[in-house]
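Pasted the sequence and its predicted model underneath.
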Amino acid sequence: MKKITIAVIGVGLIGGSIALSMRRDPNIRVVGYDVRQEPLDKALTLGVIHAGTTDLQTAVREANVIFLASPVEQIVATLPLLKDMELQPDVIVTDVGSTKSGIVRHAVEVISERVTFIGGHPMAGSHKSGVEAASDRLLENAYYVLTPAPGTPPEKVERLTELLSLTRAKVVQMDADTHDQVVGAVSHFPHVLASALVNLVANYDEENAWHSRLAAGGFRDITRIASSNPRMWRDVLLQNREPLLKIAKDWTKALEDVIELVEEGDPEGIERFFQTARDFRDGLPERKTGALPPLNDLYIDIPDHPGEIGRITTLLGAKQINITNLQIRETREDIYGALRITFHSQEEMEKGEELLRFFDYNVYRRP
Ligand SMILES: NC(=O)C1=CN([C@@H]2O[C@H](COP(=O)(O)OP(=O)(O)OC[C@H]3O[C@@H](n4cnc5c(N)ncnc54)[C@H](O)[C@@H]3O)[C@@H](O)[C@H]2O)C=CC1
Ligand SMILES: O=C(O)C(=O)Cc1ccc(O)cc1
């Protein structure tokens, strides 16, 4: 089979994960470019890329496909640089940015007879960043949105789709504006809300430190994404202003509606509010096929002493069930702790679940 070269511009969490997925094919050579030497050194050490450079022209010269994987404002800034560079004829330039309309608009400058641009956004990720968190499984089972323009040659979209099968993501297509509206609502705005809530509670906490001490499961769950990379999210908000401002207005109205129900002391209305949300939330696709990142986690109630954890890992080890991480979560009333176990694969998680249930542990798939 013909050897091809992939250039990854920005070797961080997503660029690194794409690179690792591409490396599943031995005929693919991955060249990484970054503005910093450090991620390139790490990526080489971790076997994420075959070669690394801080010179953009060197990275893209041989590339058949170029993935722009830096923060979105930097993707916009890189596009015009490509225009003056020596590129392979028939090269496909794509990106992984969380926003699409602005990027697709700027990409028009680089599109030519010889250069195709196809916007892309893998709908999986993490609040972690950097190449050290990259994984060839990060995008597995997630949606991967492509936003080809009406004039994009369909055979190029097909070629990119085929290449992306190495990520094991599910490639779908939509126009860039629709993407920004939908993803604004299900991803960007939740990040704003999570951070706003954390900042509110942090202010209360200055007056009364019980806030952070009592911050329990619900607060932690809904605010996990407030630990995301502030630079990255700054750029996302700046790139997706219009849809986000509209969603923020709708949100304000939705919150006012709840406030009204509370002011009126309307029990049916309040219950309906929670019930409607619960019905939709419970009907969301399971993690393995949805927009949430794929996780092979189980949560187990354990009596709060160390011997118990040893027993669980021994049981799993004896059945050759591989785990990749263990975490003790909040202790409830000093009786039970919740142990989170991350398994190496979905299959191993299912085996672990069955085994631990057999030994009478309370096992949950959600925290
Ligand atoms: N973090 C996530 O969960 C997801 C992020 N994305 C998108 O992927 C892109 C990358 O995000 P992450 O991998 O999370 O960030 P990251 O911070 O892990 O990696 C970004 C890398 O880009 C490099 N960089 C910065 N400016 C650059 C430039 N001008 N040229 C080349 N490299 C440059 C940085 O040095 C860093 O190594 C962003 O556009 C983000 O919107 C998409 C899906 C999920
Ligand atoms: O941490 C999480 O759950 C995320 O929200 C992941 C994510 C972050 C950014 C994206 O553009 C897509 C997915």
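It's in. Numbers count the residues shown, from 1 in each chain. Ligands and ions are numbered 1, 2, ... in the order given.

which residues does the residue nearest to Tyr143 when sequence neighbours are not counted contact?
Closest residue to Tyr143 apart from its sequence neighbours, by Cβ to Cβ, 6 or more residues apart in numbering: Met123 at 4.4 Å. For the C-beta atoms, the positions are set from N, CA and C on the backbone; glycine is no exception. Counting by Cβ atoms under 8 Å, 6 or more residues apart in numbering, Met123 makes contact with Ala142, Tyr143, Tyr144, Val145, Val183, Ser187, Ala291.

Would you mind measuring from the first one to ligand 2?
I take that to be Ala142. 8 Å (Cβ to the nearest ligand atom, to the nearest Å).

Please look at that residue and Val171 and confirm they touch.
No - using Cβ atoms under 8 Å, Ala142 makes no contact with Val171, being 10.3 Å away.

Comparing the two, which shows the higher neighbour count?
Ala142 (23 against 18; other Cβ atoms under 10 Å).

pLDDT wise, what is the more buried one at?
pLDDT, Ala142: 95.

what's the answer for the one 3 residues further on, then?
Among the per-residue scores, Val145 shows a pLDDT of 98.

Please identify the helix or strand for it.
Per DSSP states H and E, Val145 falls inside strand 143-147.

Which single residue in the stretch 101-250 of the chain comes nearest to ligand 2?
Gly125 (3.4 Å; Cβ to the nearest ligand atom).

Surely that residue and Ile14 touch.
Yes - at 6.4 Å, Gly125 counts as touching Ile14 under the criterion of Cβ under 8 Å.

Overlap in contacts, those two.
The contact sets of Gly125 and Ile14 overlap at Leu138 (Cβ under 8 Å, 6+ apart).

who has more neighbours, the two?
In this view Gly125 and Ile14 are compared by other Cβ under 10 Å, and Ile14 has more residues nearby, 29 against 23.

which residues of the chain fall in strands?
Along the chain, the stretches classed as strands by DSSP state E are 4-9, 28-33, 51-53, 65-68, 91-95, 115-122, 143-147, 170-173, 297-303, 323-332, 336-343, 363-364.

Kindly reformat these as CSV and extend each row with distance to Ile259.
Shown next, in CSV, are the strands of the chain (distance: least, Cβ to Cβ, whole Å):
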stretch, distance to Ile259
strand 4-9, 46
strand 28-33, 50
strand 51-53, 53
strand 65-68, 43
strand 91-95, 40
strand 115-122, 34
strand 143-147, 34
strand 170-173, 37
strand 297-303, 33
strand 323-332, 30
strand 336-343, 33
strand 363-364, 33
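
So for Leu193, which of the ones you listed sits nearest?
Ranking those by their distance to Leu193 (criterion: Cβ to Cβ) puts strand 115-122 first, at 20.3 Å.

didn't Leu138 look like it was pressed against Gly125?
Yes - here Leu138 reaches Gly125: they are 7.1 Å apart, a contact under Cβ under 8 Å.
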